[in-house]
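Colleague: Here is the input, now give the coordinates:
(chains A and B)
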Amino acid sequence: MIVELFTIPALILIAGAFILPLLPRQTRGTAFILFPTIALGILWMLPEGSLLQATLANYELHLLKVDALSRIFGTIFALITIVGGIYALHMKELGQQTSALAYAGGALGVTFAGDFFTLIVYWEIMAVTSSYLIWARRTEDSDKAGMRYILVHAFGGGLLLSGILLHLSEGGSLLLSPLAPEYTPSSTLILIGVAINSAIPPLHAWLADAYPKATITGAVFMCALTTKSAVYVLIRLFPGWDILIWAGLVMAIWGTIYALLANDIREILAYSIISQIGYMVTGIGIGTEMALNGAAAHAFSHILYKSLLFMGAGAVMYATGKNKLSELGGFAKKMPLVVILYIIGGLAISGAPLFNGFISKSMIISAVGNAHMETATIILLLASIGTFLHTGLKLPYFTWFGQAKSEFAVSKIPINMKIAMGIAAFFCVLFGIFPSLLYNHLPYPVAYHPYTAYHLVEMTQILIFGFIGFWFLKDKLNTAPNISLDLDWFYRRPAHLVRAIFVQLPDRIFAVAENIMLDTAQKISRISRNPRKYLYYGDTDSTGQPVKTDGFTTPIHTAMAFILLGFIVVALFVLI
Amino acid sequence: MKKWHWILLGILAVISLIVEFTMVEHHGDYWWSHIPAFYIILGFVGSVIVIFLSKWLGKLIILSDEDYYDR
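Modeller: Here you go, the predicted structure:
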């Protein structure tokens, strides 16, 4: 059994998180890369099916269930953990290394979980370990953001668990299988719990709040794992749920608008995640084989180019110590390789032909078109133009080109950061040129061809004229030192009010109640010392003799003691 | 943007138009399928729309000072 457990890819990474502290400091970075590499090898050797069961109480747990869908997600999670590990090779902080490894283990665990219990355990591991990647930045901002992040995810995990328990109590199966599209309390709770992790509005604000505040290397793991593992669960449980179509469209536009407004470079990328997940969620809502294939393929592509983009933004922060468009500019010549690699990611996310965004995004848009949803198609195309504008043009233009907007030095960045970016960029181009490498491993057979004259014309024209639009209107884009208010306003702004109502008010009520109780107890104890004294005033009785006030104390104490003893005896008797 | 950048973009746009009118037989079943060079219009108008929409929403409600949450 113990040996079999280590065929579970997730456990290899989690075991790695425990082994890492025992290794010498200098070897930890390399060892970090070793664990996801082993996991990647193993997950490709595993046959399909439910491979490992265990029993918990009356339930049979499926600890390791492999099929095409879980294998494709598992592959990209393991691959990006390797790339992220290379990007973080220069970083020697043990806490970040172990939590990143366990976090990736959580994501792999979710991917290969066959039942709800196994899923929720890994789900919570992800929430806890990823929080540390925010706190490890060690600024006041990141402390608070990390706290908000973990509270939101604890809430989401709670909803998911309640949904699962309710689902079981209704006689539902413990196995992960598509839920019937009916809004029962259990399915609604599960959907909301998963929606929080997939950052579906109005439950998305945690993402853009937390990711820009994470550490440089931590954000690379975060942008790849949490939302995409939630997308995986959506594909598993909620394919064809109509509500997801509209949720996805709202996401796509919401993310676009906020990304166009954002000033912090990683905030632009964070909102751009929300926009991209919108495509996947729309695809899952449509629920046809082509749409689900598209969602899985787009998650795969997205992880590659988005982590490339986050690595580029991280390189800027590492070199300049700055992260705002309003302070950067004019140093493209000092890091040409990073600029080129970033632009590859930018073209990939914009869906330019020959890059991997093209082969997956067009699949979802075609699936939406095949479902005869013209408005939805136009909305996704608009979001696609927006993506090109903010991630493909606005960010690189105001970061590296134009005038420098403040004084800053540009220091050298470690070579491993460039290598990691190079690997991610290589895969973005590889899958873009050879789409069948990805298509052959999608959950359903693929009959789709992205490189048709029609698609090439469509994307080329959109990108060229989107660029022209940007060039003439770029001064209209916000690059002032502002922040964007999002729905986290509802739990951030009224924080003092919430604290007053839920913390300070109960505190005061308890304080008053405590005082009243103590006061009463004191009075009662005074009475019991000499109750006669309260029947009439004075220290003398009716005949004028002085009263010995303490004469009653002993008998009353004795009586009370007997009464209490009686209570204890009766209580013990009842209990036993 | 140097002059040759614009020339390059122009050449690409012309090629895309040539391909559109010679090689694309099936244009899809959308209402816009019969509008020639629709994606050129969409690319330009779309970028104008999203830029001004975000600018308007930003002014209206979204953008705020950086110390907003610290006040």
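
Colleague: per-residue confidence at the most centrally placed residue in chain B?
Modeller: Centroid-nearest residue in chain B, with Cα atoms, centre = their mean: B:Gly43, separated by 2.5 Å. For B:Gly43, the pLDDT comes out at 95.

Colleague: Is there proximity between stretch A:200-213 and chain B?
Modeller: No - for stretch A:200-213 and chain B, the contact criterion (Cβ under 8 Å from any Cβ of the partner chain) is not met; the two come no nearer than 10.2 Å. (Each C-beta comes from the backbone N, C-alpha and C, glycine too.)

Colleague: Break down the stretch 251-400 of chain A into its helices, ranges please.
Modeller: Taking DSSP state H, counting those that start in this stretch as the criterion, the stretch 251-400 of chain A carries its helices at A:265-286, A:289-320, A:336-350, A:356-370, A:374-387, A:395-400.

Colleague: Single out the most deeply packed of those helices.
Modeller: Relative to the other members of the helices of the stretch 251-400 of chain A, helix A:265-286 carries the highest mean neighbour count by mean count of other Cβ atoms under 10 Å in any protein chain shown, namely a mean of 29.

Colleague: what is the mean pLDDT for it?
Modeller: Averaged over helix A:265-286, pLDDT sits at 97.

Colleague: next one: stretch B:60-71
Modeller: In the prediction, stretch B:60-71 has an average pLDDT of 87.

Colleague: wait, isn't A:Ile164 in contact with A:Ile120?
Modeller: Yes - between A:Ile164 and A:Ile120 there is a contact at 6.2 Å, judged by Cβ atoms under 8 Å.

Colleague: if I look at A:Ala54, how far off is A:Phe117?
Modeller: 10 Å (Cβ to Cβ, to the nearest Å).

Colleague: Check which residues of stretch B:1-14 are buried.
Modeller: By neighbour count, with 16 or more other Cβ atoms under 10 Å in any protein chain shown as the criterion, the buried positions of stretch B:1-14 are B:9, B:13.

Colleague: what's it in contact with?
Modeller: Stretch B:1-14 is contacted from outside by A:460-461, A:464-465, A:467-468, A:471, B:40, using Cβ atoms under 8 Å, 6 or more residues apart in numbering or on different chains.

Colleague: Which parts of chain B are strands?
Modeller: Along chain B, the segments classed as strands by DSSP state E run B:63-65.

Colleague: can the helix or strand bottoming out on mean pLDDT in it be found next to chain A?
Modeller: The helix or strand of chain B with the poorest confidence is strand B:63-65; it has a mean of 90 (mean pLDDT, DSSP states H and E). Yes - applying Cβ under 8 Å from any Cβ, one finds strand B:63-65 in contact with chain A at B:63-65.

Colleague: Which of the contacts of stretch B:1-14 fall in helices?
Modeller: Judged by DSSP state H, the subset of the contacts of stretch B:1-14 located in helices is A:460-461, A:464-465, A:467-468, A:471, B:40.

Colleague: what's in contact with the least confident helix or strand of chain B?
Modeller: The set of residues that contact strand B:63-65 without belonging to it, under Cβ under 8 Å, 6+ apart, is A:261, A:478, A:480, A:482-485.

Colleague: Chain B contacts on the stretch 301-450 of chain A?
Modeller: Counting by Cβ under 8 Å from any Cβ, the stretch 301-450 of chain A sits next to chain B at A:369, A:372, A:374, A:377-378, A:381-382, A:385-386, A:389.

Colleague: try it again with 10 Å
Modeller: Where proximity means Cβ under 10 Å from any Cβ of the partner chain, the interface of the stretch 301-450 of chain A facing chain B comprises A:324, A:326, A:366, A:369-370, A:372, A:374, A:377-378, A:381-390, A:393-394.

Colleague: picking that back up, and the contacts of strand B:63-65 near chain B, which?
Modeller: On the criterion Cβ under 10 Å from any Cβ, A:261, A:478, A:480, A:482-485 are the entries of the contacts of strand B:63-65 that sit beside chain B.

Colleague: Report the two of these separated the most.
Modeller: The span of these, defined through Cβ to Cβ, is set by A:Ala480 and A:Leu485 at 14.7 Å.

Colleague: Those two: who's more crowded?
Modeller: For A:Ala480 versus A:Leu485, neighbours defined as other Cβ atoms under 10 Å in any protein chain shown are more numerous around A:Leu485 (18 against 14).

Colleague: Am I right that the more buried one is in contact with B:Tyr68?
Modeller: Yes - judged on Cβ atoms under 10 Å, A:Leu485 makes contact with B:Tyr68 at a distance of 7.1 Å.

Colleague: Which residues are in contact with each of these two?
Modeller: The contact sets of A:Leu485 and B:Tyr68 overlap at A:492-493 (Cβ atoms under 10 Å, 6 or more residues apart in numbering or on different chains).

Colleague: count of neighbours near the nearest residue to A:His90 once chain neighbours are set aside?
Modeller: Across the structure, with Cβ to Cβ, 6 or more residues apart in numbering or on different chains as the measure, the residue nearest A:His90 apart from its sequence neighbours is A:Pro414 (4.1 Å). The number of residues packed around A:Pro414, counting by other Cβ under 10 Å, is 15.

Colleague: Next, the contact list for A:Pro414, please.
Modeller: Under the criterion of Cβ under 10 Å, 6+ apart, the contact partners of A:Pro414 comprise A:87-91, A:315, A:318, A:420.

Colleague: where does the stretch 451-576 of chain A dip in pLDDT?
Modeller: Per-residue confidence for the stretch 451-576 of chain A (pLDDT under 70) gives these ranges: A:528-542, A:546-552.

Colleague: Which positions in it make contact with chain B?
Modeller: Going by Cβ under 10 Å from any Cβ, the residues of the stretch 451-576 of chain A near chain B are A:452-474, A:476-478, A:480-486, A:488-489, A:492-493, A:495.

Colleague: What subset of the residues you listed is buried?
Modeller: Buried by 16+ other Cβ under 10 Å: A:454-470, A:474, A:477-478, A:482-486, A:488, A:492, out of those.

Colleague: quick one: average pLDDT of the helix or strand harbouring A:Asp141?
Modeller: For A:Asp141, the element it lies in under DSSP states H and E is helix A:140-169. Helix A:140-169 carries an average pLDDT of 95.

Colleague: and what of stretch A:404-413?
Modeller: For stretch A:404-413, the mean per-residue pLDDT is 93.
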